[in-house]
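Visitor: Below are the sequence and a predicted model for it; my questions follow.
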Amino acid sequence: MSLTRLNIDSFRNILSAKLTLSEGLNLIYGENGSGKTSVLEAIFFLGMGRSFRSHLSQRVINNEQDNLTLFAQLNTQERTTKVGLRRARNGDIDVKINGDNVKRLSTLAETLPIQVITPESFSLLFEGPKSRRQFIDWGAFHSDPHFHQAWAKTRRILKQRNQLLRNQSSYSNILFWDKELVRYAEVVTEIRNQYVDSLNGLLKGIITEFLPQVDLKVSFTRGWDSKTEYLQHLQNQYPRDLASGFTSGGPHKADLRLRVGNLPAQDALSRGQLKLLVCALRIAQGKLLKQQLNKNSIYLVDDLPSELDAKHRQLLLKQLTETGAQIFVTAIDPAAIVDSLSLPPERMFHVQQGKITVIE
Ligand SMILES: Nc1ncnc2c1ncn2[C@@H]1O[C@H](COP(=O)(O)OP(=O)(O)OP(=O)(O)O)[C@@H](O)[C@H]1O
């Protein structure tokens, strides 16, 4: 799976670009503020309907325009898919796949499995469990078609339950919802657990190459006491939940634990090593998707050279290219990437003040 064409209109400082892409490595280079990250962000926006940089989608629309439009042609072995997205400043969003309107944005995500590695990816390890949960859920979503609905139901019921708690409802009123909650929470937890298990196998090999001295342990915690059935847990916690107005334990508290020896990974590793760990996790996800569904991810790697020495830059590029995935990397100095590759990148783009030229 790869993007063969990408049209960007009115996205950040890119007014108009029509790009023919390589199915292998695409290098995007240019000065600070030229628009390199915006190209990656546009691809992500097309796949996810949102930005990886800003929660406010209207920020990505060019300041002088009212709408942005993105279009891509996606090739798999079997077919060509055309994906288009238009986002207006008033919040309206139109998504089309092969000319047909698409209602659920998850349809887009299924079509485009995108992996992002940015300098902010460290948040995967630092920013509490939410981003680690999102990491697991990226894989759970792609590896099991039941995940999306079960997780959406779980969140809906949790919201309902919290409302009842805030209304001081008796447990007999809440019990009905708890039984429903348990049904979906078990599906979510089982898929997540299996996913982390499968990932672990692949991760070991990658870590051995990237961080050979590091004794990394990755484990999944489901979000409530490991020895108690969820229904029992909810019942036990009811008085406390009633006082806080919030369901304290459950799949909304699941986490991925990353430990080196006896320490959390972020306390044991340097910044460069953390970057490699994040890359290893993302590469393992891509490899697993390929193994499970024969689907390639698309990698967006912003500012690849930063924090890495030449040897690790080389290793990372080698591992990324070995996934067989389409890769977009940005760098200020193209030599930092070109010199780390045995073959030149398949395509190079130079970005200057939002204008993109292909380097032949
Ligand atoms: N909505 C917008 N409309 C117009 N220009 C914008 C908008 N949002 C951001 N910009 C500008 O777009 C430019 C592109 O920024 P971008 O982050 O893509 O650059 P970059 O090449 O990745 O830079 P760096 O190397 O510093 O990370 C910035 O100069 C920014 O000020």
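Guide: Yep, it's here. Quick caveat: nothing in here was measured; it's all calculated off a predicted structure.

Visitor: so Arg156, which of the three states?
Guide: Secondary structure state of Arg156, per DSSP: H, G, I helix; E, B strand; the rest coil, is helix.

Visitor: give me the number of residues near it?
Guide: Taking other C-beta atoms under 10 Å as the neighbour definition, Arg156 ends up with a count of 13. Heads up, the C-betas are built off the backbone N, CA and C, glycines and all.

Visitor: Distance of it relative to Trp177?
Guide: Counting by C-beta to C-beta, to the nearest Å, the gap from Arg156 to Trp177 is 10 Å.

Visitor: repeat for Leu281
Guide: Leu281 sits 35 Å away from Trp177, going by C-beta to C-beta.

Visitor: more neighbours, the two?
Guide: Set Leu281 next to Trp177 and count neighbours by other C-beta under 10 Å: Leu281 wins out with 26 against 18.

Visitor: centre of the chain versus the helix or strand in which the more buried one is found, how much separation?
Guide: Mapping Leu281 onto the secondary structure by DSSP states H and E places it in helix 271-293. If you compare the mean C-alpha spot of helix 271-293 with that of the full chain, they lie 11 Å apart, counting by C-alpha atoms, centre = their mean, to the nearest Å.

Visitor: Spell out whether the helix or strand just after it and the ligand are in contact.
Guide: Heading C-terminal from helix 271-293, the first helix or strand you meet, by DSSP H and E, is strand 298-301. No. If you take C-beta under 6 Å from any ligand atom as the test, strand 298-301 misses the ligand, and the best it gets is 11.7 Å.

Visitor: how about the CA coordinates for the helix holding Leu281, as CSV?
Guide: Extracted in CSV, the C-alpha atoms of helix 271-293 (Å, rounded to 0.1, in the frame of the first residue of the first chain):
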residue,chain,number,x,y,z
ARG,A,271,17.0,11.2,24.6
GLY,A,272,18.6,9.5,21.5
GLN,A,273,17.9,6.1,23.0
LEU,A,274,14.3,7.1,23.7
LYS,A,275,13.9,8.2,20.1
LEU,A,276,15.2,4.8,19.0
LEU,A,277,12.8,3.0,21.3
VAL,A,278,9.8,4.9,20.0
CYS,A,279,11.0,4.1,16.4
ALA,A,280,11.4,0.4,17.4
LEU,A,281,7.9,0.4,18.7
ARG,A,282,6.5,1.9,15.6
ILE,A,283,8.5,-0.3,13.3
ALA,A,284,7.3,-3.4,15.2
GLN,A,285,3.7,-2.2,14.7
GLY,A,286,4.3,-1.8,11.0
LYS,A,287,5.9,-5.3,10.7
LEU,A,288,3.0,-6.8,12.7
LEU,A,289,0.4,-5.2,10.4
LYS,A,290,2.2,-6.6,7.4
GLN,A,291,2.4,-10.1,9.0
GLN,A,292,-1.2,-10.1,10.2
LEU,A,293,-3.0,-8.4,7.3
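
Visitor: which bits of the stretch 251-360 of the chain sit near the ligand?
Guide: Neighbours of the ligand within the stretch 251-360 of the chain, by C-beta under 6 Å from any ligand atom: Ile332.

Visitor: neighbours around the closest residue to the ligand within the stretch 251-360 of the chain, how many?
Guide: Across the stretch 251-360 of the chain, the shortest distance to the ligand (C-beta to the nearest ligand atom) belongs to Ile332, at 5.7 Å. Close neighbours of Ile332, defined as other C-beta under 10 Å, add up to 14.

Visitor: Kindly report the same for the one 5 residues further on.
Guide: Burial of Ile337 is recorded as 23 neighbouring residues (other C-beta under 10 Å).

Visitor: Next: Ser123.
Guide: Other residues within reach of Ser123, judged by other C-beta under 10 Å, total 15.

Visitor: Kind regards, and thank you for your time.
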